[in-house]
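K.L.:
just to be clear, the model below is a prediction. Sequence and coordinates:
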Amino acid sequence: MTSPPSGPRSGPPSGPRDGHGNAPRDGHGNAPRDGHENAPRNAPRTPPPARTATPQDDIAARLHTALARTLAARDTSPAPVDRILAAGRVRRARRRTAAVAASAACVLAVGLAAWLPRLDARTAPEPVRSRPPVTATPRPSQDSLVTARIAHGTVDGTAWSVTLEYRPGMHLLCQRMLIGTERVDSSGGPWSDCQTVRGAYDPAMSGEEGLWGLSGKGTEGLRLFVANCTPDVASGAVTLTDGTRLTAPTVTVPGTGYRAWAVAIPDHRTIASVDQYDAGQMPVSHETQWR
C-alpha cells in the first residue's frame, strides 16, 4: 500500500475541530469568534441582566406624565389679528386728525398776522397808565441795615464823609467817618465807632458831640466835628478863630430818631464857637469850649 504524503494538507478541513484549534474555519481560514473566541458564529448571545429601577426613574416618569397632561389641557388661542388691525386704523386716523389741526392753526396764525395791522388805531383801547408808586418813609426791620449820609465834601484836596448806620438786629448805631480812604479809628476794629442802643428811638444818643481825626486825638490835621443832636435842632454852625463860619443841616436816619450834622475843620485851624438852631433859625445852644 502506498502511504499518504507527508506535509500539510491543502483544502478545506475534513471535519469539525475541538476548542483547541480544531474548530471549523471560514473560506479565509479564520475561525468564528464569540465573547470567548471559541463559540460557534450563530450561537445565541446571553442577554444582559435587567437594570433595577431607582427612585429618580419614578420621579422622571411622573414629571413626564404631568407635562404631557398640561400640554394636552392647554388651549392655544389664535393671534388677535382683527384687534391689531383695528388698533392700527385708529392710530392712523388720530395722526391724520392732528396733522389737519396743526395745518389749520398755522393758516389761522398767518391770517391773523396779516389782518391785525389793518385795525384802526382809533378802535384800540387806550393803554392803562400806571400811577407812580407811593413813596413811604422806610422803617427798619429786625435784620436790615439803615444808613444815612450826614455830610461829605473835600478840604484841601482830601475827601471826607460822615455816615450813620443803624443795625436793628444787633442794636447798634455806628458813626462811620472817612478821611480820604481811611476810616477814623479803624485800628480799633470794625465796631470801634459803634454804640449799643435801645431800639430805634433811644434818647441817650441825643446831645453827643465830638471832634475826630486820624492822628493827635483830633487836634491836628483834617478833623471832623460831628453833633448827634436833639429833635429840635435843624442846623448847626462852627465858627473858626479866623472868622470862617461852617454850617450844615441835620439829617435823620430813616425810621429812627437818630439825627446828626457834621462839618470838616481844616488843618491848623481852631474852633471859636459851636451854635445850633431850630427850624426857625432861633438859637438852641451856644458852646465855646472847643479848640
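P.N.:
Looks like it arrived, so ask away.

K.L.:
could you list the single helix or strand in the protein with the lowest mean pLDDT?
P.N.:
Ranking every helix and strand in the chain by mean pLDDT, DSSP states H and E puts helix 81-115 at the bottom, with a mean of 56.

K.L.:
helices or strands up against the helix or strand following that helix?
P.N.:
Tracing the chain past helix 81-115, the next element assigned as helix or strand by DSSP states H and E is strand 146-155. The contact analysis (3 or more Cβ pairs under 8 Å, 6 or more residues apart in numbering; DSSP states H and E) places strand 146-155 against strand 158-167, strand 251-252, strand 259-265. Just so you know, the C-beta spots here come from the backbone N, C-alpha and C atoms, and that holds for glycine as well.

K.L.:
return the most buried member of these.
P.N.:
strand 259-265 (a mean of 24; mean count of other Cβ atoms under 10 Å).

K.L.:
coming back round to it: columns mean pLDDT on top of the helices and strands packed on strand 146-155, output as CSV?
P.N.:
Shown next, in CSV, are those (pLDDT from 0 to 100):
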stretch, mean pLDDT
strand 158-167, 97
strand 251-252, 97
strand 259-265, 97
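
K.L.:
let me have the ones you listed in a markdown table, extended by distance to residue 203.
P.N.:
Output for the helices and strands packed on strand 146-155, formatted as a markdown table (distance: least, Cβ to Cβ, whole Å):
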| stretch | distance to residue 203 |
| --- | --- |
| strand 158-167 | 15 |
| strand 251-252 | 14 |
| strand 259-265 | 12 |
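
K.L.:
out of these, which gets nearest to residue 52?
P.N.:
Judged by Cβ to Cβ, the one of the helices and strands packed on strand 146-155 that comes nearest to residue 52 is strand 158-167, at 102.4 Å.

K.L.:
quick check: neighbours of the closest one in the sheet, parallel or antiparallel?
P.N.:
strand 146-155 (antiparallel), strand 172-179 (antiparallel) (DSSP bridges).

K.L.:
let me have the ones you listed in TSV, adding mean pLDDT and distance to residue 202 as columns.
P.N.:
TSV is the format used below for the strands paired with strand 158-167 (pLDDT from 0 to 100; distance: least, Cβ to Cβ, whole Å):
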stretch	mean pLDDT	distance to residue 202
strand 146-155	97	14
strand 172-179	96	8
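
K.L.:
out of those strands, flag the one nearest residue 291.
P.N.:
Comparing the strands paired with strand 158-167 by Cβ to Cβ, strand 146-155 comes nearest, at 18.2 Å.

K.L.:
could you check the angle that closest one makes with strand 259-265?
P.N.:
20 degrees (axes from the mean of the first three to the mean of the last three Cα atoms, to 10 degrees).

K.L.:
output stretch 246-253 as PDB, nothing but the C-alphas.
P.N.:
Presented in PDB, the C-alpha positions along stretch 246-253 are these (Å, rounded to 0.1, in the frame of the first residue of the first chain):
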ATOM      1  CA  LEU A 246     -19.000 176.400  58.600                       C
ATOM      2  CA  THR A 247     -22.700 175.400  58.600                       C
ATOM      3  CA  ALA A 248     -24.600 172.100  57.900                       C
ATOM      4  CA  PRO A 249     -28.200 170.900  58.200                       C
ATOM      5  CA  THR A 250     -29.300 168.000  60.300                       C
ATOM      6  CA  VAL A 251     -30.000 164.600  58.700                       C
ATOM      7  CA  THR A 252     -32.200 161.900  60.200                       C
ATOM      8  CA  VAL A 253     -31.700 158.200  59.800                       C
END
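
K.L.:
alright, calling it a day.
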